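>>> show me how the following folds:
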Amino acid sequence: MMSNSNAPATATRPTAASALSRASAPEPTGRRHRRKDCSSLSVERITTLAAAEEIATAWRDLHDRSGSGNPYASPDWLIPWARHFVRDRELALLAVYRDGTLIGMAPWYVRHAGPFRQVHMLGTGGHDHLTELPQVLTAPGEARSVLRAVLQHWSEVRSTWDWLELPMLEEQGWFEPEWLTEAGDRSFVQHKLTRPSVVLALPSDVPTLHQTMKRNLRESIHRARNRLDRAGRPWAVTAYAGEDDIRKALTVLAELHAARADLAGRRRHSDHLGVAEHRDFLADALGAMASREQAEILTLDVEGVPVAAQLVLRAPTATYVGPSGVDPAWWNFSPVTLLQLSAAESAVDRGHREFNLSTGPVVAKLRWSEQVVQNPEFIVCGPRGRSRAAFTAYRAVSAIVAVERDAAFHRTKTVARDIGMTGRRIRGRTRTGGARSFPPVPRGR
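Here you go, the predicted structure:
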């Protein structure tokens, strides 16, 4: 883990050229706002963690003003990610201002792969399983202006990078090749992938939510409650929303997530929380987000013992469900479905417009909604010959890796290790009474 606590707070401000001034350029018919957009924009490049933390307040305000449904665009998620996984000298955050007001944040960093330099969004590149929706954050109505501005910046420093990745959200539209040709750049762009998310549009009240749920989902929830009641043990859903509580509950979530990953007879799930540095990052990020009511961990407890857990993240207009976990002995009780219902009800109470069941449409998510929002990502290759040669090799290797990754995702796990299969001790905890025993999470004040 890299420490940047002593890094100097420096940020380079753009020259007049990089401020995108084109007052003298003729204005084509049908683009009457182009001169205003370009003449009043400026781009600031932030190259240290200290400088990123200085702008965090304005960044949070932009996240709120944007009406974003993406919790992964919050500085409370991305700054801890940079602190844990990026060297200070690699940071390349671009802050876009209109008349002194922050209207865009493009949180990039430059990753060195031998002699080549790749520009990634914070949350991607390495340790990218934790950040599901990277994006350039923009103020309402400013997406095209901001994206044009940041690509203009990279065109002006084209000798410092070989290719860059640009994820976009569906509402931001599609990559416009003119963003490159306007700058006289010989770079080219390719569509890399699309991140599909299952999204449920939320009504104004909880009774309507229940009434509009699909029939098979209502039956699953009814069946889960009946099975828990017939088990003859008291059960309840507990929310850990305080900064200290969520850090403590993260340990239980990680254990149950590992148990879910080892469940035999089901589609393979990677244990993304099994890496110590991932848990350290999440402890910092979730602690910061919980202090602003942007995160909580829900557990379903049977006789006070957690048997399932669900991470819930919040954006200004949406609730997003993150990683979950379940004790295999309680799998048939559908405890995660009950936790997601609790999260959806809370989202309605908060006035959120959407309930995002995360990326990757599968049957369990499509029971909630058949609305799939598709978020594209593009790669821009620099104009130099060495960049094109390296990019060609990179794309070939990436295609091979993608085939193996997708094949592994659709395999069914046939053998479990210890979890849910024997009475042996698992990470210091034992199965009792036919179920794995997790101690209650200590609560704060």
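
>>> the stretch 201-350 of the chain: helices as residue ranges?
206-212, 215-230, 243-261, 276-290, 335-349 (DSSP state H, counting those that start in this stretch).

>>> excluding its backbone neighbours, what's nearest residue 124?
residue 134 (5.1 Å; CB to CB, 6 or more residues apart in numbering). Backbone N, C-alpha and C define where each C-beta goes, glycine included.

>>> hmm, I typed the wrong one, I wanted residue 288.
residue 76 (4.1 Å).

>>> do you know the pLDDT at the one you found?
Residue 76 carries a pLDDT value of 98.

>>> before we move on, what about residue 116?
Per the predicted model, pLDDT is 88 at residue 116.

>>> hang on, the earlier thing: which residues touch the residue nearest to residue 288?
56, 60, 285, 288-289, 292, 294 (CB atoms under 8 Å, 6 or more residues apart in numbering).

>>> next, format these as a markdown table and append neighbour count, distance to residue 242 and pLDDT.
Formatted as a markdown table, these follow (neighbours: other CB atoms under 10 Å; distance: CB to CB, whole Å; pLDDT from 0 to 100):
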| residue | neighbour count | distance to residue 242 | pLDDT |
| --- | --- | --- | --- |
| 56 | 15 | 21 | 97 |
| 60 | 15 | 19 | 98 |
| 285 | 26 | 15 | 97 |
| 288 | 19 | 13 | 96 |
| 289 | 22 | 12 | 97 |
| 292 | 13 | 12 | 95 |
| 294 | 23 | 13 | 97 |
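
>>> looking at the helices of the stretch 201-350 of the chain, which is closest to residue 145?
Residue 145 sits nearest to helix 276-290 of all those, at 28.6 Å, using CB to CB.

>>> by contact count, what packs against the closest one?
helix 75-85, helix 243-261, strand 295-302, strand 305-314 (3 or more CB pairs under 8 Å, 6 or more residues apart in numbering; DSSP states H and E).

>>> who does the last one pair up with?
This means strand 305-314. Using DSSP bridges, the strands paired with strand 305-314 are strand 295-302 (antiparallel), strand 318-326 (antiparallel).

>>> alpha carbons only: can I get it in PDB?
What follows is strand 305-314, C-alpha atoms only, in PDB (Å, rounded to 0.1, in the frame of the first residue of the first chain):
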ATOM      1  CA  VAL A 305     -26.000 -14.400  14.400                       C
ATOM      2  CA  PRO A 306     -25.500 -13.000  10.800                       C
ATOM      3  CA  VAL A 307     -26.200 -15.500   8.100                       C
ATOM      4  CA  ALA A 308     -26.200 -13.100   5.200                       C
ATOM      5  CA  ALA A 309     -24.900  -9.600   4.500                       C
ATOM      6  CA  GLN A 310     -25.300  -7.000   1.800                       C
ATOM      7  CA  LEU A 311     -23.300  -3.800   1.100                       C
ATOM      8  CA  VAL A 312     -25.500  -0.900   0.100                       C
ATOM      9  CA  LEU A 313     -24.200   2.300  -1.500                       C
ATOM     10  CA  ARG A 314     -26.100   5.600  -2.100                       C
END
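
>>> give me the angle between that strand and helix 243-261.
Angle of strand 305-314 versus helix 243-261, following axes from the mean of the first three to the mean of the last three CA atoms, to 10 degrees, is 110 degrees.

>>> mind giving me the domain split of the protein?
With domains defined by automatic domain parsing, the chain comprises 11-26+33-196+375-407, 203-352+415-436.

>>> okay, the ones you listed in JSON lines with distance to residue 368 next?
Below are these laid out as JSON lines (distance: least, CB to CB, whole Å):
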{"stretch": "domain 11-26+33-196+375-407", "distance to residue 368": "14"}
{"stretch": "domain 203-352+415-436", "distance to residue 368": "6"}
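
>>> any idea which of those domains gets closest to residue 367?
Judging the domains of the chain by CB to CB, what sits closest to residue 367 is domain 203-352+415-436, at 4.6 Å.

>>> residue 102 reaches residue 58, doesn't it?
Yes: using CB atoms under 8 Å, residue 102 is in contact with residue 58, at 4.7 Å.

>>> so between those two, which is more surrounded?
residue 102 (19 against 15; other CB atoms under 10 Å).

>>> just confirm that one is within a helix.
No: counting by DSSP: H, G, I helix; E, B strand; the rest coil, residue 102 is not part of a helix but strand.

>>> coming back round to it: the residue nearest to residue 288 and residue 133: what is the separation?
15 Å (CB to CB, to the nearest Å).

>>> kindly report the same for residue 111.
20 Å.

>>> neighbour-wise, which of these two wins?
Neighbour tally, residue 111 and residue 133, criterion other CB under 10 Å: the higher count belongs to residue 133, 22 against 18.

>>> report the contact partners of the more buried one.
70, 72-73, 167, 169, 195, 197, 359, 375.

>>> with pLDDT, secondary structure and neighbour count as extra columns, can I get those residues in CSV?
Formatted as CSV, these follow (pLDDT from 0 to 100; DSSP: H, G, I helix; E, B strand; the rest coil; neighbours: other CB atoms under 10 Å):
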residue, pLDDT, secondary structure, neighbour count
70, 97, coil, 24
72, 98, helix, 23
73, 97, helix, 26
167, 96, strand, 22
169, 95, coil, 23
195, 95, strand, 20
197, 96, strand, 24
359, 93, strand, 17
375, 96, strand, 21
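
>>> and the helices of the stretch 201-350 of the chain as TSV, adding distance to residue 303?
Listed next are those as TSV, based on distance: least, CB to CB, whole Å:
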stretch	distance to residue 303
helix 206-212	27
helix 215-230	11
helix 243-261	15
helix 276-290	26
helix 335-349	14
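
>>> now for the ones you listed, which one comes closest to residue 329?
Closest among the helices of the stretch 201-350 of the chain, using CB to CB: helix 243-261, at 9.1 Å.

>>> what's the closest one packed up against?
strand 235-240, helix 276-290, strand 295-302, strand 305-314, strand 318-326.

>>> mean confidence score for the third one?
Read that as strand 295-302. On average, strand 295-302 scores 98.

>>> what does that strand contact?
Contacts of strand 295-302 (CB under 8 Å, 6+ apart): 71, 228, 231, 233-241, 246, 249-250, 252-253, 285-286, 289-290, 306-314, 330, 335, 338-339, 342-343, 435, 440-441.

>>> shouldn't residue 271 be in contact with residue 261?
Yes: counting by CB under 8 Å, residue 261 is a contact partner of residue 271 at 4.0 Å.

>>> neighbour count winner among those two?
Higher neighbour count among residue 271 and residue 261: residue 261, with 20 against 17, using other CB under 10 Å.

>>> surely the more buried one touches residue 254?
No: with contact defined as CB under 8 Å, residue 261 does not count as touching residue 254 (10.6 Å).

>>> lovely, talk soon.
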